[in-house]
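A.B. asks: Using only what follows, build the 3D model:
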Amino acid sequence: MVSDQSAIIAHRYPLDRLALRQTLDIQHPSAHVLEAISWHELLWTMGRHNNIGLLVLDLSLVDQRSLRHLPYLFTRHSGLKVLAITHRHQRIRVKQLQGLGVTGSVSSRDDQVVLLQALDRVWRDETWFPEVESAEDAWKLSGMRRLSVQEMRVLEKIDQGLMNKQIASELEIALSTTKVHVCAILRKLGVRNRTQAVMAYRQYEPLLT
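C.D. replies: Residues are numbered from 1 along each chain as shown. As a prediction, this is how the structure comes out:
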């Protein structure tokens, strides 16, 4: 990103905006950094400023309807690069982000090192999306993709800390059926217990496309 371009951080929480601003300062201390705390304020700010080269967008600010208007920003700011911040509870896939013109994405759980790497790639007009690199990663991601819809729902409840009886009650299924689903989840993910299943879910669920 050249020095006469601006960057804008769109995030609802002040401490997160501060952390993002500090990270941007490490990469480009001379860059002019703007902030927005809502989707409407983002549109207003980007409408009043020219030559914005980078948008760091917290996806919790936008719903699916607003997200479809994201390409509009590219018509006003030529060469705009967008780094999206995703969250585990969201059902936004890499292919969807790429289709909207997003340059890269990081998870809200990533540390500053990952964010710096992502920013470096995005500023060099390269993409940055989560990748599967090891054979173990590939195996577990494949297992996630083999989970049925109901098994995924059970796994989400396990991630929330619910026990089998509570899961059965919330999903309105028999306790015996819940136990069958849990066994299938452990087998497909290649893990030994619920804790390992949760770890696999948190790591690999965002990579599903």
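
A.B. asks: and Thr23, how many neighbours?
C.D. replies: 17 (other C-beta atoms under 10 Å). In short, each C-beta sits where N, CA and C put it, glycine included.

A.B. asks: Number the residues from 11 up from this point.
C.D. replies: In the new numbering, first residue 11, that becomes Thr33.

A.B. asks: Helix or strand for it, just tell me which one.
C.D. replies: Using DSSP states H and E, Thr33 falls within helix 24-37.

A.B. asks: so for that helix, what's the average pLDDT?
C.D. replies: If you average the pLDDT over helix 24-37, you get 91.

A.B. asks: how far off helix 24-37 does the helix or strand following it point, in degrees?
C.D. replies: Heading C-terminal from helix 24-37, the first helix or strand you meet, by DSSP H and E, is strand 42-46. Angle between the axes of strand 42-46 and helix 24-37 is 160 degrees (criterion: axes from the mean of the first three to the mean of the last three C-alpha atoms, to 10 degrees).

A.B. asks: Name the SS class of the residue nearest to Asn174 when sequence neighbours are not counted, please.
C.D. replies: Of all residues beyond its chain neighbours, the one nearest Asn174 is Thr188 (4.8 Å), with distances taken as C-beta to C-beta, 6 or more residues apart in numbering. Assigned with DSSP: H, G, I helix; E, B strand; the rest coil, Thr188 falls in the helix class.

A.B. asks: Might one say that Leu196 is in contact with Asn203?
C.D. replies: Yes: Leu196 is within contact range of Asn203, at 7.2 Å (criterion: C-beta atoms under 8 Å).

A.B. asks: between these two, what contacts are shared?
C.D. replies: Contact criterion C-beta atoms under 8 Å, 6 or more residues apart in numbering; no residue bridges Leu196 and Asn203 by contacting each.

A.B. asks: Residues in a beta bridge with the spatially most central residue of the chain, which ones?
C.D. replies: For the chain, the residue nearest the mean C-alpha position is Thr96 (2.0 Å; C-alpha atoms, centre = their mean). Beta bridges link Thr96 to Ser117, judged by DSSP bridges.

A.B. asks: can you give me the helices for the chain?
C.D. replies: In the chain, the segments counted as helices under DSSP state H are 24-37, 49-58, 74-77, 81-86, 104-109, 122-133, 145-156, 159-169, 174-181, 185-199, 204-214.

A.B. asks: Can you tell me which of the ones you listed is nearest to Leu67?
C.D. replies: Leu67 sits nearest to helix 49-58 of all these, at 7.6 Å, using C-beta to C-beta.

A.B. asks: Can you mark which positions in that closest one are buried?
C.D. replies: By neighbour count with 16 or more other C-beta atoms under 10 Å, helix 49-58 contains the buried residues 49, 52-53, 55-56.

A.B. asks: what do you get for stretch 68-82?
C.D. replies: So for stretch 68-82, counting by 16+ other C-beta under 10 Å, buried means 68-69, 71-72, 77, 80.
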